[in-house]
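Chemist: The following comprises the amino acid sequence and a computationally predicted model.
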Amino acid sequence: MKQQNHDTTYKDFSLLSHFNILWKGKFHIVSFVLTFTVVSWFFSGKQEPEWIASIQVAAPDIEQYQELVDNVELYDFLYSSNNLNSPLKKGIESEALLKAFIENFNLLDNKLEFLSESVVFQDYLTHNNVDTSSQGELDLEWAEKITANLIESDLTSSTSYSLEVVSIESNISNLLLKDYIAYTQEATAQELTEEINTEINTLFKHEQSKYEYSKELQRSLIDIEINKAKVSYEITKKANVDLPYFSYSNDSIFNTNDGYKIYKAKIESLTNLKQDEIITPSMAEVVARLSFLNQHNALREDIKFQSFYPLAQIDDTSQLKNQKAFFIILGALFGLLSGVSFVYFRNSLK
């Protein structure tokens, strides 16, 4: 019981000693709090207000790229005839188009290239006499304020994103967002078109290779027939058999039933035969596919399509919440901690 009373008295004494230390140094603590609060207020006041323009987008409807689908489906029979899976359709699915658009929207190189070419951005720099000596750092700072963020929603299974541009002027945010959306849409369309055209060119090379192989095979078969006719010609010539005769025996690898005159004519005809004069059914199919690819060697240039669907118009720019009060409170707390630390340090030196 006495031990418990002793512990309680010790704790009360310890708390009282801390209170006395802080009370004696109260002016120092107040000075630190006031100093840091004033400094925070001063620097937060120098921050310019920021404005944000935004729009929500989702995957496009099929109507927005139906022409693209129709054009790509023209090549379906080429894949089915070669027992291949078409990679073209996967690249133009609704979610795939949106994904490609968002990736291009967030790509830093695209942002930097856009800002370097943007008339709106360059005019802003000129009219506000912005120092462009460090143009690269300036562009990078603005590029970081152009973002596409995934919107988490339990109400719908579809994926949607918020496209945003933040700047220190309300009209600049709006104009930059509109221009960059158009820039990204064009870049996405060009990228997809190049990928599809590359695949079409691959198909053409594949069919061309099959055609060349078929020609070589056909030429080899003709050469075999010529060589067999030559042997038959030599045999019948030496036997002086110039006319065909009837025979029940046909076991020999070289036919000698026809006269040497016929074999001579056969050799001359096969030797002078042009490759294109003999077309097998398999070669005819390859020729038909090559003819199609020669006529449709790329996507139609007039195809226009959207890679996203705007859920609303671009919102009017709104000012971001002022962080001034937050910085002042943070400064006051930091001043309080610094003041208390100083008082304890000063007391330890006594």
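Modeler: That came in fine, so what should we check first?
Chemist: quick one, what contacts the closest residue in space to Tyr65 that isn't next to it in sequence?
Modeler: Spatially, and ignoring its direct neighbours in sequence, Tyr65 is nearest to Phe305 (3.6 Å; C-beta to C-beta, 6 or more residues apart in numbering). Using the backbone N, CA and C atoms, a C-beta is placed for each residue, glycine as well. By C-beta atoms under 8 Å, 6 or more residues apart in numbering, Phe305 lies in contact with 60, 64-65, 67-68, 97, 189.
Chemist: Would you state the strands of the stretch 151-300 of the chain in chain order?
Modeler: According to DSSP state E, counting those that start in this stretch, the stretch 151-300 of the chain carries its strands in the segments 160-167.
Chemist: list the buried ones in the one helix or strand Leu115 maps to?
Modeler: Using DSSP states H and E, Leu115 sits in helix 108-117. Buried residues in helix 108-117, counting neighbours by 16 or more other C-beta atoms under 10 Å, are found at 110-111, 114-115.
Chemist: repeat for stretch 85-103
Modeler: Along stretch 85-103, these residues count as buried under the neighbour rule (16+ other C-beta under 10 Å): 86, 88, 91-92, 94, 97-98, 100-102.
Chemist: Would you mind putting those residues into JSON lines with distance to Glu207 alongside?
Modeler: Supplementary listing: those in JSON lines, determined by distance: C-beta to C-beta, whole Å:
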{"residue": "Ser86", "distance to Glu207": "15"}
{"residue": "Leu88", "distance to Glu207": "16"}
{"residue": "Gly91", "distance to Glu207": "21"}
{"residue": "Ile92", "distance to Glu207": "22"}
{"residue": "Ser94", "distance to Glu207": "30"}
{"residue": "Leu97", "distance to Glu207": "28"}
{"residue": "Leu98", "distance to Glu207": "33"}
{"residue": "Ala100", "distance to Glu207": "28"}
{"residue": "Phe101", "distance to Glu207": "32"}
{"residue": "Ile102", "distance to Glu207": "35"}
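Chemist: want to throw these into CSV with distance to Ser134, secondary structure and pLDDT?
Modeler: Formatted as CSV, the buried residues of stretch 85-103 follow (distance: C-beta to C-beta, whole Å; DSSP: H, G, I helix; E, B strand; the rest coil; pLDDT from 0 to 100):
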residue, distance to Ser134, secondary structure, pLDDT
Ser86, 49, coil, 79
Leu88, 45, helix, 83
Gly91, 40, helix, 82
Ile92, 42, coil, 88
Ser94, 42, helix, 91
Leu97, 37, helix, 93
Leu98, 36, helix, 93
Ala100, 33, helix, 94
Phe101, 31, helix, 95
Ile102, 30, helix, 95
